[in-house]
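>>> sequence first, predicted model second:
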Amino acid sequence: MNSLLQLVWALGLMAIAIALSAWQRLGLEWTLALATGRTVMQLLVVGYVLAVVFAFNNPWLVLAVLGVMLTIATIVARNRISKKVPYLIPLVGSSILISTALTLLYINIFVLQPRTWYEPQYIIPLAGIVLGNAMNGAAITGERLVSTLNSSQLEIETHLSLGATPQQAIAQYRRDAIRAGLIPTINTMMVVGLVTLPGIMTGQLLSGVDPVTAAAYQILIMFMLAFATLVTTLLVTWGIYRQYFNQVAQLTIW
């Protein structure tokens, strides 16, 4: 009951925001109301679903939750990259899956060492964080590379005519795209704790966890995000570049 009352009071912030929008005639009242409703409904549904998963502690339920998260992340990233490039959904999905699996495998074996690999308390929240960051990295990198390749046809074909391989012809474009995908994560690592406290650390502090322990968990998460994002961007750009050249090394524009 106390939590419900606190949630009602928290909704007051959005009510004030909607009122301010109406007062300033911003036209955002409906958008803010819709966003508020979706936030409440989506997070409450997720909370109840995770409560069931945590209670049963079943590996198949955990895998089902992770599968849904991976599917949504794949579709969102694909839509932001392009709908014309063929085989983009399996490419993006496999890239995110591989990077997330490698990251969680390393963390489970060497760092957290839970009793079981499917411990919901650890794998679901950590997978969610990694999947979200990998999704953003894949979307930014993929969109950057696709748009660059589509607009640089003359330059690429000139390199090919001079004897360059497809990989050599687009090497700089690929590097630039990977850097673009990593910039948000690197920028966050540069100022974490100085400009803002990340959500995970803030949540732990609010729940009463020792600040040093909360900082240690946040360090772990930042390293996970950096590794997973780099692996994802490497795989996504490699897969996209292969879709732009046929078997005789000719450029194909999608």
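That came through fine.
>>> now do the contacts for residue 104.
Residue 104 sits next to 123, 126, 127, 130 when contact means C-beta atoms under 8 Å, 6 or more residues apart in numbering. (Each C-beta comes from the backbone N, C-alpha and C, glycine too.)
>>> what mean pLDDT does the helix or strand hosting it get?
Per DSSP states H and E: residue 104 is located in helix 88-106. For helix 88-106, the mean pLDDT works out to 97.
>>> re earlier: could you dump the contacts of residue 104 to TSV with secondary structure, pLDDT and neighbour count?
Shown next, in TSV, are the contacts of residue 104 (DSSP: H, G, I helix; E, B strand; the rest coil; pLDDT from 0 to 100; neighbours: other C-beta atoms under 10 Å):
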residue	secondary structure	pLDDT	neighbour count
123	helix	94	22
126	helix	94	21
127	helix	95	19
130	helix	96	27
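>>> closest to residue 187 out of these?
residue 130 (18.1 Å; C-beta to C-beta).
>>> got the confidence number for residue 115?
Reported pLDDT for residue 115: 87.
>>> do you know how far it is from residue 122?
Using C-beta to C-beta, to the nearest Å, we find residue 115 at a distance of 10 Å from residue 122.
>>> between these two, point out the one with more neighbours.
Counting neighbours by other C-beta atoms under 10 Å for residue 115 and for residue 122 shows that residue 122 has the greater number, 18 against 7.
>>> you'd agree the more buried one is up against residue 111?
No. Counting by C-beta atoms under 8 Å, residue 122 does not reach residue 111; the two are 10.0 Å apart.
>>> lowest-confidence helix or strand of the protein?
Using mean pLDDT, DSSP states H and E, helix 199-206 stands out as the lowest-scoring helix or strand of the chain, at a mean of 80.
>>> give me the residues contacting that one.
By C-beta under 8 Å, 6+ apart, the list of residues contacting helix 199-206 from outside reads 129, 193, 197, 211, 213, 214, 215, 217, 218, 221.
>>> circling back to that earlier point, now, among the contacts of residue 104, which is nearest to residue 38?
Closest approach to residue 38 among those (C-beta to C-beta): residue 127, at 22.3 Å.
>>> please enumerate residues in contact with the helix or strand where residue 187 lies?
Per DSSP H and E: residue 187 is located in helix 171-191. Residues outside helix 171-191 that contact it (C-beta under 8 Å, 6+ apart): 133, 136-138, 140-142, 144-145, 148-149, 152, 198, 222, 225-226, 229-230, 232-234, 237-238, 241.
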